[in-house]
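1. Here is a sequence with its predicted model. Questions after.
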Amino acid sequence: ELEGNRDRLVKDEEMFNAKEKQKEERWREMNKDLEEKMARVTMQAKELEQNRKTLLREIHEFEAGEKQKEERWHETERELKERMAGMAMQANDLEKNRHAHVIEK
């Protein structure tokens with residue numbers, strides 16, 4: 001009877017050890033999967049951060065370009081107003097000269 005109990009205890013211990021080994025193996029696999037997922041997520045986070053920085057830079061460049069366009073537009077508008085004023089003065093002078101010439105005749 002003691003021999004049978006000892007054999008059962010040995011078998012129970014072997015089964016327990018086998019189950020513990022399976023648990024450890026599953027734990028290692030789960031841990032490995034989690035590490036791989038964390039590595040992918042970390043990489044994606046880095047890519048997203050780089051994309052965010054790129055977009056911010058592009059937005060700033062676009063805004064700067066738009067500001068330059070607006071400044072050029074205002075400068076062109078000023079130049080045109082100055083030319084128009086100059087042409088108006090010339091036209092006025094020509095009209096005065098024509099009028100003076102008509103009076104002389």
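-> Noted; the coordinates are in hand.
2. in the protein, which spans are helices?
-> 2-104 (DSSP state H).
3. What ranges in it fall below the confidence cut-off?
-> Applying pLDDT under 70 to the chain picks out residues 104-105.
4. Now with 90, please.
-> Counting by pLDDT under 90, the chain contains low-confidence residues at 1-4, 96-105.
5. Quickly note the distance from residue 16 to residue 101.
-> Plainly put, residue 16 is 125 Å away from residue 101 if you go by CB to CB, to the nearest Å. Quick note: C-beta positions are derived from backbone N, CA and C, even for glycine.
6. just residue 23 next, same as before
-> Going from residue 23 to residue 101 by CB to CB gives 114 Å.
7. again with residue 67
-> 51 Å.
8. What of residue 44?
-> Taking CB to CB, one finds residue 44 at 83 Å from residue 101.
9. go on, residue 47?
-> The gap separating residue 47 from residue 101 is 79 Å, by CB to CB.
10. With residue 25 instead?
-> Distance from residue 25 to residue 101, counting by CB to CB: 112 Å.
11. Same check on residue 1?
-> To residue 101, residue 1 is 147 Å away according to CB to CB.
12. Which one's more surrounded, the two?
-> residue 101 (9 against 5; other CB atoms under 10 Å).
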